[in-house]
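[1] heads up, no residue letters with this:
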């Protein structure tokens, strides 16, 4: 079983996020009374914080108990916009200060004119992930916190509120005292989700041909990312202009077919006809860049590495909480087979067919030590005027819809977050995990500039209260793409 490791340290999104708390309690001696041997070093101290390796300050020197262990207790809370029960224990405070439309920017494009190009997204009704192991790296090397007895992983069901981990067989574990600097989590590459998404589309006329379409506007097979599609014939779907709702179907999964074939998964009519969503398998890696077969994808794992620092302290009862956050708000994504150039959601993904998928799982996983902050979520519309520079150019003005989640510490400073456009295939002006270390004060008092890892930066943004009217500022798109007006409302 191959594990693909993803190193991450920042990120998250909104109303549909999963919180996994790992609480570590330290016991100074074991129940038999034999305890561990007392060791000391020459470090002088006045407080425990001046000691390392799980030692404590006693009589002016750092001492520790060799071989002692603490208890690791796991807990999960999932949050979903569609099912908001069980959220009373989470903090969503209002902003301490705010402004309303300081920049006096007015919309010039009617938001009702927004059209999905190919992809619509939203939060699932529910999601399942399969946790295989959780471990910590530190003074004692790699220490296992949880190991599933099922090689495919222990199923964790995410809807809203607390998850009954005892029902999943996830129990407390012992962990040696010491300093730790990293958390490693392995999960099954394939998860499941269910739900429905809606979008308004322009009309599309079916086309049959090679990837790149009649105008060869994308996806050159000379690019290694698209070489696997060479010679394949695809057919897009007819679609009348209008608003559509598509729901997941269990036996129409992206991992049921080979990536580089003309085999189909389903049609828009199939997914529209199903009004009761069913759990469907989804590749959490987001793209089959390693060219695995469906069976190999089902058997694979994903590994996530988080640089998190914490200490299990000896000689006293203390606790450290590690919070794993997985944002679900834009996790459920649907590819409507309406592109006549057959550009897939990402390279190395299926095309020429309609299906549900996700490409943002890796963006949406974060771990924090002793987290005691707040979460904010914003709906953002960016206005792109006609005649904007490439790659945003268009003969008509249009809107880009995006979601932003901010995770703040107890002082109200951003420590993580993620910005995700609704449509993977549409133009974008800012996206990716928020670079929290680079958030700076804006040029207007009380505002901040928020950069994103994949590109773009929101300029002169103000934290808002839920219920505030729509506000506005600008976004600096990557490279020389230009600066554009954005309009945002706090939803969480």
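    Nice, thanks for sending it over. This is a predicted model, so every value here is computed, not measured. Numbers count the residues shown, from 1 in each chain.

[2] Show me the helices in the chain, by range?
    268-273, 294-299 (DSSP state H).

[3] Of all those helices, which one comes closest to residue 227?
    Distances from residue 227 to each of the helices of the chain were compared using CB to CB; the minimum, 19.4 Å, belongs to helix 294-299. Every residue, glycine included, has its C-beta placed from N, CA and C.

[4] Which positions in that closest one come out as buried?
    294, 297-299 (16 or more other CB atoms under 10 Å).

[5] Quick one, grab the pLDDT at the residue nearest to the spatial centre of the chain.
    Centroid-nearest residue in the chain, with CA atoms, centre = their mean: residue 364, separated by 1.3 Å. At residue 364, the model reports a pLDDT of 85.

[6] can I assume it is in contact with residue 328?
    Yes: here residue 364 reaches residue 328: they are 7.5 Å apart, a contact under CB atoms under 8 Å.

[7] and of the buried residues of helix 294-299, the nearest to residue 428?
    The closest of those, once distances to residue 428 are taken by CB to CB, is residue 297, at 27.2 Å.

[8] ok, that closest one to residue 446 distance?
    48 Å (CB to CB, to the nearest Å).

[9] And residue 256, by the same measure?
    Taking CB to CB as the measure, residue 256 falls 51 Å from residue 446.

[10] same question, residue 352
    50 Å.

[11] ok, now residue 371?
    Distance from residue 371 to residue 446, by CB to CB: 25 Å.

[12] Neighbour count for these two, which is higher?
    residue 371 (21 against 14; other CB atoms under 10 Å).

[13] Name the nearest residue to residue 435, ignoring sequence neighbours.
    Distances taken as CB to CB, 6 or more residues apart in numbering put residue 451 closest to residue 435, at 4.7 Å, once the chain neighbours are dropped.

[14] What is the burial count for that neighbour?
    Neighbours of residue 451 using other CB under 10 Å come to 20.

[15] thought it was touching residue 434?
    Yes: Residue 451 is within contact range of residue 434, at 7.3 Å (criterion: CB under 8 Å).

[16] what's near enough to touch the spatially closest residue to residue 210 that is not a sequence neighbour?
    Spatial nearest neighbour of residue 210, excluding adjacent residues (CB to CB, 6+ apart): residue 233 at 6.8 Å. By CB atoms under 8 Å, 6 or more residues apart in numbering, residue 233 lies in contact with 208-210, 262.

[17] can you check residue 208 too?
    So residue 208 contacts 233-236 (CB under 8 Å, 6+ apart).

[18] 6 Å instead?
    residue 235 (CB atoms under 6 Å, 6 or more residues apart in numbering).

[19] Check residue 425 too.
    117-119, 343.

[20] List just the nearest of these to residue 267.
    Relative to residue 267, the closest of these is residue 118; by CB to CB it sits at 14.3 Å.

[21] Distance check, the closest one against residue 370.
    42 Å.

[22] Provide the strand pairings for the lengthiest strand in the chain, with the direction of each partner.
    Longest strand in the chain, counting residues (DSSP state E): strand 126-138. Here strand 126-138 has these sheet partners by DSSP bridges: strand 141-147 (antiparallel), strand 154-158 (antiparallel), strand 178-188 (antiparallel), strand 190-194 (antiparallel).

[23] On the pLDDT front, check residue 27 for me.
    35.

[24] what do you get for residue 169?
    pLDDT at residue 169 comes out at 72.

[25] now do residue 66
    50.

[26] Look at stretch 289-306 and report the distance between its end residues.
    Taking CA to CA, to the nearest Å, the first and last residues of stretch 289-306 lie 23 Å apart.

[27] for stretch 329-337, that is, sorry about that
    23 Å.

[28] gap between that stretch and the chain center?
    14 Å (CA atoms, centre = their mean, to the nearest Å).

[29] ok, how many other residues are close to the nearest residue to residue 249 once chain neighbours are set aside?
    Leaving aside its sequence neighbours, residue 249 sits nearest to residue 274 (CB to CB, 6+ apart; 5.1 Å). Neighbourhood size, residue 274 [other CB under 10 Å]: 17.

[30] try residue 231
    Look at residue 231: counted by other CB under 10 Å, it has 10 neighbours.

[31] what about it, distance to residue 153?
    Using CB to CB, residue 231 is found at 37 Å from residue 153.

[32] Assess the claim that residue 347 and residue 223 are in contact.
    No: in this structure, residue 347 is not within contact of residue 223 by CB atoms under 6 Å, at 7.7 Å.

[33] More neighbours: these two, which one.
    Neighbours were counted for residue 347 and for residue 223 using other CB under 10 Å; residue 347 has more, 18 against 10.

[34] Look up how far residue 391 lies from the more buried one.
    From residue 347 to residue 391 the distance is 16 Å (CB to CB).

[35] same check, this time on residue 416
    Using CB to CB, one gets 28 Å for the distance from residue 416 to residue 391.

[36] what residue ranges in the protein score low on pLDDT?
    1-43, 48, 52-67, 70-104, 160-166, 171-174, 313-321 (pLDDT under 70).

[37] and with 50 instead?
    Counting by pLDDT under 50, the chain contains low-confidence ranges at 1-17, 19-42, 65, 84-93, 96-98, 315-317.

[38] so how many other residues sit close to the nearest residue to residue 288 once chain neighbours are set aside?
    Nearest non-adjacent residue to residue 288, counting by CB to CB, 6+ apart: residue 259, 4.4 Å away. Residue 259 has 23 neighbouring residues, counting by other CB under 10 Å.

[39] My guess is residue 259 contacts residue 287. True?
    No: using CB under 6 Å as the test, residue 259 is too far from residue 287 to be in contact (8.7 Å).

[40] on that earlier part again, quick one: the residue nearest to residue 435 and residue 436 touch, right?
    No: checked against CB under 6 Å, the pair residue 451 and residue 436 is beyond contact range at 9.3 Å.

[41] what are the bridge partners for residue 301, then?
    residue 3, residue 188.

[42] For residue 193, see how far away it is.
    Counting by CB to CB - residue 301 and residue 193 are separated by 18 Å.

[43] who's more crowded, those two?
    residue 193 (25 against 21).

[44] residue contacts, the more buried one?
    124, 127, 282, 332.

[45] Contact partners for the closest residue to the last one other than its chain neighbours?
    Same thing as residue 332. Among residues not flanking residue 332 along the chain, residue 124 sits closest, at 4.2 Å (CB to CB, 6+ apart). Counting by CB under 6 Å, 6+ apart, residue 124 touches 193, 195, 331-332.

[46] for residue 385, same thing?
    residue 397.

[47] Adjust the sequence numbering to begin at 12 for everything that follows.
    New numbering, starting at 12: the last item is residue 396.

[48] sorry, back to before: among the strands paired with strand 137-149, show me which one is buried the most.
    strand 201-205 (a mean of 23; mean count of other CB atoms under 10 Å).

[49] And that strand, how far out from the chain middle?
    14 Å.

[50] Likewise for stretch 203-213?
    Counting by CA atoms, centre = their mean, stretch 203-213 comes out at 18 Å from the chain centroid.

[51] end to end, how far does that stretch reach?
    Counting by CA to CA, you get 30 Å between the two ends of stretch 203-213.

[52] What residues sit buried inside it?
    By neighbour count on 16+ other CB under 10 Å, the buried set for stretch 203-213 is 203-208, 210, 212.

[53] Would you mind reformatting those (as a markdown table) and adding columns for distance to residue 61 while you're at it?
    Shown next, in a markdown table, are those (distance: CB to CB, whole Å):
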| residue | distance to residue 61 |
| --- | --- |
| 203 | 48 |
| 204 | 47 |
| 205 | 52 |
| 206 | 51 |
| 207 | 56 |
| 208 | 53 |
| 210 | 57 |
| 212 | 63 |
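
[54] Okay then, goodbye and thanks.
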